[in-house]
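Q: Just the structure for this:
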Amino acid sequence: MSMKIYCDTCVYIDMFECRKDYLRPLDEFAYQIFKRVEDGEFTLIISDHLLFELRNHIEDKKITELIKPLDQKGRIIKVFKTREDIEKAKIISKENWKDALHAILANKAKAVYLLTRNIQDYAGCEDLVEIKFPESI
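A: Modelled structure (predicted):
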């Protein structure tokens, strides 16, 4: 069975918006993660919380074009937040509770890694899931 990963919203946005930083192709790092999911190396965990955040930045059509083929290949695991998950996230971090909620959901689905650009926003979540940059795995 392939390794389970959860990608923070920013990883999807990196790819869809072709983002770069000063020297690095952040979009290519994100693309490679999704390619590795497609190739069966990883199973991608997605949550209702993630999809809600994505829809604030990306058209539904683009999200569907990425996720539907992966889902049809059995490469997607879906996880859903509960009121208790939200309350726990707000205890972990008042300021970054939405990120803590991603970590809680990643843990709930037994992800090995949560991939993000914003590692500092996950302070306090280290015992839930290992937090990494997409290019680090």
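Q: Kindly state the pLDDT recorded for R24?
A: At R24, the pLDDT value in this model is 89.
Q: Without its sequence neighbours, what residue ends up closest to it?
A: E135 (7.7 Å; C-beta to C-beta, 6 or more residues apart in numbering). Using the backbone N, CA and C atoms, a C-beta is placed for each residue, glycine as well.
Q: repeat for F42
A: F42 sits nearest to I5 (C-beta to C-beta, 6+ apart), 4.8 Å away.
Q: strands paired with the helix or strand harbouring the one you found, and their directions?
A: Counting by DSSP states H and E, the element that carries I5 is strand 3-7. Partner strands for strand 3-7, per DSSP bridges, with pairing direction: strand 42-47 (parallel), strand 113-115 (parallel).
Q: What's the mean pLDDT across that strand?
A: 98.
Q: buried stuff in it?
A: Neighbour counts over strand 3-7 (16 or more other C-beta atoms under 10 Å) mark K4, I5, Y6, C7 as buried.
Q: which is the next helix or strand following it?
A: helix 9-16.
Q: picking up where we left off before, please identify the most buried of the strands paired with strand 3-7.
A: strand 113-115 (a mean of 24; mean count of other C-beta atoms under 10 Å).
Q: in the sheet, who's paired with the residue nearest to F42?
A: Bridge pairing for I5 - DSSP bridges - gives L44, Y113.
Q: Fine, thanks again, bye for now.
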